[in-house]
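Q: need a structure here:
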Amino acid sequence: MSKELIENRNDLITRAEEIVNLAKGETRALTDDEAQEVEDIHAQVRGIDRTLELEEKVEGLEKIERNEKKGDELNMNEKELQERQA
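A: As a prediction, this is how the structure comes out:
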């Protein structure tokens, strides 16, 4: 999912740059439609950034959970060893 989101994000940014560069090249202000499209793109990019950020947080939580399970397994193995030695 991340790869597709990043590609979509990059495509959106490229489109916004094209719109702005076209107006710059023609030494004019953006039309209302162009300005609205750039604003829409900006909102979409912010949404993608937020999704990617939350995705990273969830991955971090999953790592914590895996580490906790490993820790529990290690504790159980240590307990078993102690019981065998007793």
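Q: From here on, just use CA atoms for contacts and neighbour counts.
A: Will do.
Q: so where's this protein shaky on pLDDT?
A: Residue ranges of the chain with pLDDT under 70: 1, 69-82, 84, 86.
Q: Now do the helices in this structure.
A: 2-25, 32-85 (DSSP state H).
Q: Distance from the chain centre to the first one, please.
A: Using C-alpha atoms, centre = their mean, to the nearest Å, the distance from the centre of helix 2-25 to the centre of the chain it belongs to is 17 Å.
Q: so that helix versus helix 32-85, what angle?
A: Interaxial angle, helix 2-25 versus helix 32-85 (axes from the mean of the first three to the mean of the last three C-alpha atoms, to 10 degrees): 160 degrees.
Q: Quick one: residues contacting the most centrally placed residue in the chain.
A: With distances taken as C-alpha atoms, centre = their mean, Leu52 lies nearest the centre of the chain, 1.3 Å away. Going by C-alpha atoms under 8 Å, 6 or more residues apart in numbering, Leu52 touches Ser2, Leu5.
Q: Could you rerun that using 7 Å?
A: Ser2 (C-alpha atoms under 7 Å, 6 or more residues apart in numbering).
Q: Can you give me the distance of it to Asn8?
A: Leu52 sits 12 Å away from Asn8, going by C-alpha to C-alpha, to the nearest Å.
Q: same thing with Arg28?
A: Distance from Arg28 to Asn8, by C-alpha to C-alpha: 28 Å.
Q: ditto for Glu65
A: Plainly put, Glu65 is 31 Å away from Asn8 if you go by C-alpha to C-alpha.
Q: Likewise for Glu18?
A: For Glu18 relative to Asn8 (C-alpha to C-alpha), the value is 15 Å.
Q: now Lys57
A: From Lys57 over to Asn8 (counting by C-alpha to C-alpha), the distance is 21 Å.
Q: Same drill for those two, tell me which one is more crowded.
A: Neighbour totals were compared for Lys57 and Asn8, and Asn8 leads with 15 against 12 (other C-alpha atoms under 10 Å).
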